[in-house]
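Engineer: just to be clear, the model below is a prediction. Sequence and coordinates:
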Amino acid sequence: MSLRIDPQSPVGSRLIRLAAWLIRVILATLGRTYRVRVIEGGQFLEDWSDHRHPTILSFWHNRAFIGAHYVYHHLVERNLKISVLTSQSRDGELVARVAQQWGLSVVRGSASRGGLQALRALHRAITRDGFSPIMIPDGPRGPIYHFKVGVAVLAQTSGAPILPMGLAAQRFFTIKSWDRLIIPWPFSRVVIGFGEPQTLAKPMTNDQLEAARRRLEATVDGLTLRAEAELGAVDDSRPHETTRAGER
């Protein structure tokens, strides 16, 4: 799914603003019907919330709608300093507008466009301004469920721990995007699992960084699978012919 309007044009800018408002309304309306429960690792969330140390939140791309709902309804109200990385694409512009309307800090860039500049900006947001960024490790174009090394590099250089998250919904439909974005139906049960924050040592060799990347991939995938199992949910976007990240 990709926007076909130019956000830089006057008409496109107004349309993007309207679309961002509609998304906020949809998230707020649907969110009030969801029955959300944290099934594991709640103490890690509470520790972050209590001490407010910069932390990198990380979950899979096709859980972004669930993640946005959780941020909007459960984290923003805690007045946590959260930043969002969005791509420099037109779709990224829409995400950025929604995040800004929530009062979140926005950093533009991705692994494919403006990646180095984005990492530098996120590094400053963490070390200088004390923000906690949301990082989607398999975004913005996949491969799906592949934890890209950029998130690990950011954690290693900034010293901020990664808080891995697994999210799942009991009843949902999917969007025809590369990741088959999951959107829970109204009144669906939604569960969240948090893993132990992962702090990466510095310096690290390339082999050590790759080992850390694989470990983080397995952790996020394991949390996601346990969240799905809690609800008996089936994720058709996960290729059946490939093994789980934790089984490689």
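Structural biologist: Ah, there it is.

Engineer: from now on I want contacts and neighbour counts done on CA atoms only, so please keep to that.
Structural biologist: Will do.

Engineer: quick check: mean pLDDT across the longest helix along the chain?
Structural biologist: Longest helix of the chain, by residue count under DSSP state H: helix 206-231. Mean per-residue pLDDT for helix 206-231: 96.

Engineer: buried stuff in that helix?
Structural biologist: 209, 212-228 (16 or more other CA atoms under 10 Å).

Engineer: for stretch 70-80, same thing?
Structural biologist: 70-72, 75, 80.

Engineer: go on, stretch 163-173?
Structural biologist: 163-172.

Engineer: show me where this structure has helices.
Structural biologist: Using DSSP H, helices in the chain cover 10-31, 42-51, 64-70, 90-101, 115-127, 149-158, 206-231.

Engineer: show me where pLDDT drops low in this structure?
Structural biologist: 1-12, 90, 110-114, 237-248 (pLDDT under 70).

Engineer: relative to helix 206-231, how tilted is the lengthiest strand in it?
Structural biologist: The single longest strand within the chain, with elements called by DSSP state E, is strand 162-169. If you take axes from the mean of the first three to the mean of the last three CA atoms, to 10 degrees, strand 162-169 sits at 30 degrees to helix 206-231.

Engineer: picking up where we left off before, export the buried residues of stretch 163-173 to CSV and tack on distance to Arg97?
Structural biologist: Listed next are the buried residues of stretch 163-173 as CSV, based on distance: CA to CA, whole Å:
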residue, distance to Arg97
Leu163, 25
Pro164, 25
Met165, 24
Gly166, 25
Leu167, 24
Ala168, 25
Ala169, 26
Gln170, 29
Arg171, 28
Phe172, 25
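
Engineer: relative to Trp21, which of those is nearest.
Structural biologist: Closest to Trp21 out of those is Phe172 (22.5 Å), distances taken as CA to CA.

Engineer: and that closest one, how far from Arg141?
Structural biologist: Between Phe172 and Arg141 the computed distance is 22 Å (CA to CA, to the nearest Å).

Engineer: check Arg128 too.
Structural biologist: 29 Å.

Engineer: got it, and Val234?
Structural biologist: 22 Å.

Engineer: over to Glu93?
Structural biologist: With CA to CA as the criterion, Glu93 and Arg141 are 16 Å apart.

Engineer: the more surrounded of the two?
Structural biologist: Glu93 (22 against 14; other CA atoms under 10 Å).

Engineer: pretty sure that one sits against Leu85.
Structural biologist: No - applying CA atoms under 8 Å as the test, Glu93 and Leu85 come out as separate, 10.8 Å apart.

Engineer: having no further points to raise, I will conclude here.
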